[in-house]
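> need a 3D model of the following:
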Amino acid sequence: MSRVRAISILLACTTASCEAQSASPFVNTNIFKPVSTPAHDIHFLSLFVLLITGGIFFGVSSLLVYALVRYRAKPGDKIEPPQVFGSTQIELAWTIIPVLLITVLFLGTARVIFAIQDAPKPKNAVEVTVVGHQFWWEYRYPQYGIVTANELHVPQSTEAHPQPTYLKLTSADVMHSFWVPRLAGKTDVLPNRVNEMWFDPHVPGVYLGQCAQFCGAEHAKMLIRVYVDPPAKFAAWVKQQQQTQQELPASAFESAQEQPGGASAGGPSSVVRVNAQATNASQAENPVNARAGQVVFEQQACVNCHTIKGTIANGRYGPDLTHLMSRDTIGSGIVPNTRENLLRWINNPNDFKPGCLMPAMHLSDEQNAQITAYLLTLH
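Alright, predicted model coming up:
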């Protein structure tokens, strides 16, 4: 690949990633705008530490400026000023004051750490198992029998109905780190170990995070998207995610007659109308047969890596695709989940995410288009 080609792909991916992350007013990662209890505690501690360290900086700088001005050499001075060898008062001051400051900082930090780690877990808490992969996130909801990827949905916790979310974090390969600044502090995700964290977001919206531990070539594009839904919306999402995908019946499609020019002219050879139960109105017309796409998907190596509940696809290595089209992004949040991006991703994932572990299958253009049409039905 030429240098120009590499730069153009990088710019395209960066632009697409920015567009994918700017779809909501809550996408910023400002640590000074917390929306959950752990983040509030960390925010207060950071301001407290900033106040003390700022006072130290101001005090030391003031003394330094005073010494420079007060004891600077004056014109005509030819004698050495009096030399002071040791001062009990000064030595006590610069020993006791730092000890007191360090003690205050230690106690304040310990209070916040224990308040977060030892918080009682209510019975109605939502439990999620987070598994870090190179380079994407797997989310398992054991309470609801749901497995999804890259986009974490949690309920809003209100004063009337508090409902925190507790995460158990582990890794399937190397060391990762889970960090959503506006919700909680950074927690490492380690293989063969389970770490825990929790948050209780008070404001609905989309909150972005990042894998904060270098984990390989695509570490920078291992993004996190947390959707904080009002309780009713979260319940509806859970119900929808619990549904399985059925094998697409051939009778669900009506193949139109071949258009003039056909595939050899660059246009679609047929138009397939999808049953309204299989997809929504905006996707009622697909340029290729989605049923054929399911056959191609199940005959290729796709089923070895991906799961689609209700079908023979039962892979565990890649993300669960059961409700792929209910997600806003693909590639762990780097690009919007559109037909065009999905087709490009299937054709060659490295166009978007160089170094990702999903290989290009080198299928024909028709097969890639058929698989895309099938994936578009997975709501």
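> how far away from the center of its chain is stretch 304-316?
Distance of stretch 304-316 from the chain centroid (C-alpha atoms, centre = their mean, to the nearest Å) equals 23 Å.
> neighbours of P38, just the number please.
By other C-beta atoms under 10 Å, 21 other residues sit near P38. Every residue, glycine included, has its C-beta placed from N, CA and C.
> got it, and the one 4 residues further on?
By other C-beta under 10 Å, the residues close to I42 number 20.
> the stretch 51-200 of the chain: helices as residue ranges?
Using DSSP state H, counting those that start in this stretch, the helices of the stretch 51-200 of the chain run over 88-117.
> not counting sequence-adjacent ones, nearest residue to L152?
Excluding its sequence neighbours, the residue lying closest to L152 (C-beta to C-beta, 6 or more residues apart in numbering) is V226, at 4.8 Å.
> could you measure from the one you found over to F44?
Distance, V226 to F44, by C-beta to C-beta, to the nearest Å: 22 Å.
> these two: which is more packed in?
Neighbour totals were compared for V226 and F44, and V226 leads with 22 against 13 (other C-beta under 10 Å).
> quick check: that one touching P204?
No: the criterion here is C-beta atoms under 8 Å, and V226 misses it with P204 at 10.9 Å.
> just to revisit the earlier point, who are the packing partners of the host helix or strand of the residue nearest to L152?
Using DSSP states H and E, V226 sits in strand 223-229. Helices and strands touching strand 223-229, by 3 or more C-beta pairs under 8 Å, 6 or more residues apart in numbering; DSSP states H and E, are strand 151-155, strand 205-211.
> now do the longest one: which elements does it pack against?
Read it as strand 205-211. Under the contact criterion of 3+ C-beta pairs under 8 Å, 6+ apart, strand 205-211 touches strand 176-179, strand 223-229.
> what do you get if the cut-off is 10 Å, keeping everything else the same?
Applying 3 or more C-beta pairs under 10 Å, 6 or more residues apart in numbering; DSSP states H and E, one finds that strand 205-211 makes contact with strand 136-141, strand 151-155, strand 176-179, strand 223-229.
> just the buried positions in it, please.
Neighbour counts over strand 205-211 (16 or more other C-beta atoms under 10 Å) mark G205, V206, Y207, L208, G209, Q210, C211 as buried.
> pLDDT and distance to Q83 added to those residues, as TSV?
Shown next, in TSV, are the buried residues of strand 205-211 (pLDDT from 0 to 100; distance: C-beta to C-beta, whole Å):
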residue	pLDDT	distance to Q83
G205	93	64
V206	94	65
Y207	95	60
L208	95	59
G209	95	57
Q210	93	55
C211	95	57
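> out of the residues you listed, who's nearest A232?
G205 (15.8 Å; C-beta to C-beta).
> would you mind giving the domain segments of this protein?
What automatic domain parsing lists as the domains of the chain is 20-66+87-237, 250-260+268-375.
> and the shortest one, how far out from the chain middle?
Computed by C-alpha atoms, centre = their mean, the chain-centroid distance of domain 250-260+268-375 equals 23 Å.
> and stretch 238-251, by the same measure?
Here stretch 238-251 is found 26 Å from its chain centre; the criterion is C-alpha atoms, centre = their mean.
> same thing with stretch 188-206?
Mean-position distance between stretch 188-206 and its chain equals 11 Å (C-alpha atoms, centre = their mean).
> buried set for that stretch?
188-190, 195, 197-202, 204-206.
> just the endpoints, please. Distance across stretch 355-368?
Length of stretch 355-368, first residue to last, C-alpha to C-alpha, to the nearest Å: 21 Å.
> who's in contact with L101?
Counting by C-beta atoms under 10 Å, 6 or more residues apart in numbering, L101 touches I52, T53, G55, I56.
> neighbour-wise, which of those leads?
Neighbour tally across the contacts of L101 (other C-beta under 10 Å): the maximum, 15 neighbours, falls on I52.
> what's the pLDDT at it?
On pLDDT, I52 comes in at 94.
> surely it touches G108?
Yes: taking C-beta atoms under 10 Å as the definition, I52 is a contact partner of G108 at 8.8 Å.
> and for those two, which residues touch both?
Shared contacts of I52 and G108, defined by C-beta under 10 Å, 6+ apart, are absent.
> where does the chain have low pLDDT?
For the chain, the stretches with pLDDT under 70 are 1-27, 249-288.
> how about the contacts made by the residue positioned nearest the centre of it?
With distances taken as C-alpha atoms, centre = their mean, I224 lies nearest the centre of the chain, 0.3 Å away. For I224, the contact set (C-beta under 10 Å, 6+ apart) comprises 29, 130, 137, 150-152, 178-180, 183, 207-212, 332-333.
> from the residues you listed, list just the buried residues.
Counted by 16+ other C-beta under 10 Å, the contacts of I224 give 130, 137, 150-152, 178-180, 183, 207-212, 332-333 as buried.
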